Every structure is written in structure tokens, then in C-alpha cells.
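Asker: can you look at this prediction? I've put the sequence above it.
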Amino acid sequence: MWMGLFWVDRSPLALCALCGSGRGCIVMSCSLTGSGPATISLWSGSILWPRLFSVSELPPLVHITDVEVVGDHELRLTFEDGTVGDVAFDDREWRGVFEPLRDPREFAKVLVDREIGTVVWPNGLDMAPEPLYQDALQHQLLRP
């Protein structure tokens, strides 16, 4: 049961008798958005993390503190939590903006940007530290 309908900033608001507070509640709209046919999409998870089921399962954000080139397309990464691991990029398809890194000499110009906590290249490219951390954990080097 709606007590009244108001328009504020073109958003339909109504005073709701159900909540009892007298505050405005947002009215659900059934108006069309877009011109194409409607499709129903079930969430299929993340492309990057296909086995991820909830936000609480996200890997921790651990910044990269050091990088060493140990192969044509392989990096030894050190993370702020002390994890050290090798990450190989041999099977990567170097397309688009990453195409220059196909050349091992360009790839070897990698640096750590301490402000953003990840690896970067002089041409402005960077990589997210989260998947690099997961790869490093799988190929972790144990330091005495």
C-alpha cells in the first residue's frame, strides 16, 4: 500500500506504508532499458578466477616489491609478505598493447612501480599483482 508518489531528480520515490518510517522508498521500475531483446544471464563467475565463488575468496592484494628477469619471458617476483616465486609467461599470447613484450629484450625492461605495487614496463604497461601472486605461490622459492 503506497501512501504517495514523489519525483526527486527524476527518480520515482514513494512513502512506503510497509517500512513505517515515513521515509521515501525507491519504487521498482518496469520501464525498458535499451532497444534490443531482453536476455537473461546467469553469473558464470570471473574469467580471471573461474573457481571463485564469493568476494571473501578473493586472493589478498599483496604488492610486488622486487622483480628479477630469470628467463626470456620469466620473472622472479618478491612480494611484500615475503613470498618469492617464479612466474613464466612462455605460453602467453602477446597481442594488442602487450605485443611489444613478445621481444625478450623489451620484456626484460620490467621494473617495479612501488606506488602501485606491481610490475611495469617503460611503455606504460603494467600487470595486476593478484594473478601474479597466485602464479608465484604455485612456483614458490623457499628461502632459508
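Answerer: Thanks, I have it. The structure presented is a predicted model; accordingly, all values stated were derived computationally and were not measured.
Asker: ok, His73 - contacts?
Answerer: By CB atoms under 8 Å, 6 or more residues apart in numbering, the contact list for His73 reads 88-90, 92, 101, 104, 107. Placement of C-beta: from N, CA and C, glycine included.
Asker: go with 7 Å
Answerer: Counting by CB atoms under 7 Å, 6 or more residues apart in numbering, His73 makes contact with 88-90, 104, 107.
Asker: residues contacting the biggest helix by length in the chain, please?
Answerer: Scanning the chain for the helix with the most residues, using DSSP state H, yields helix 129-138. Contacting residues not belonging to helix 129-138 are listed as 48, 59, 61-64, 77, 79, 83, 85, 87, 117-118 [CB under 7 Å, 6+ apart].
Asker: show me those that map onto strands.
Answerer: 64, 77, 79, 85, 87, 118 (DSSP state E).
Asker: show me where pLDDT drops low in this protein?
Answerer: Low-confidence segments of the chain (pLDDT under 70): 1-60, 143-144.
Asker: do a quick rundown of the helices in it.
Answerer: All helices of the chain, identified by DSSP H, fall at 104-107, 129-138.
Asker: send the alpha carbons of the longest helix of the chain over as CSV?
Answerer: Output in CSV follows, covering the C-alpha atoms of helix 129-138 (Å, rounded to 0.1, in the frame of the first residue of the first chain):
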residue,chain,number,x,y,z
PRO,A,129,49.6,-8.2,-8.9
GLU,A,130,46.8,-10.6,-7.8
PRO,A,131,47.2,-13.2,-10.6
LEU,A,132,51.0,-12.8,-10.5
TYR,A,133,50.9,-13.6,-6.7
GLN,A,134,48.8,-16.7,-7.4
ASP,A,135,51.3,-17.9,-10.0
ALA,A,136,54.2,-17.1,-7.7
LEU,A,137,52.6,-19.2,-4.9
GLN,A,138,52.4,-22.2,-7.3
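Asker: what residues of that helix count as buried?
Answerer: Neighbour-count burial for helix 129-138, counted by 16 or more other CB atoms under 10 Å, picks out 129-130, 132-133, 135-136.
Asker: can you tell me which of the residues you listed lies nearest to Val70?
Answerer: Ala136 (12.2 Å; CB to CB).
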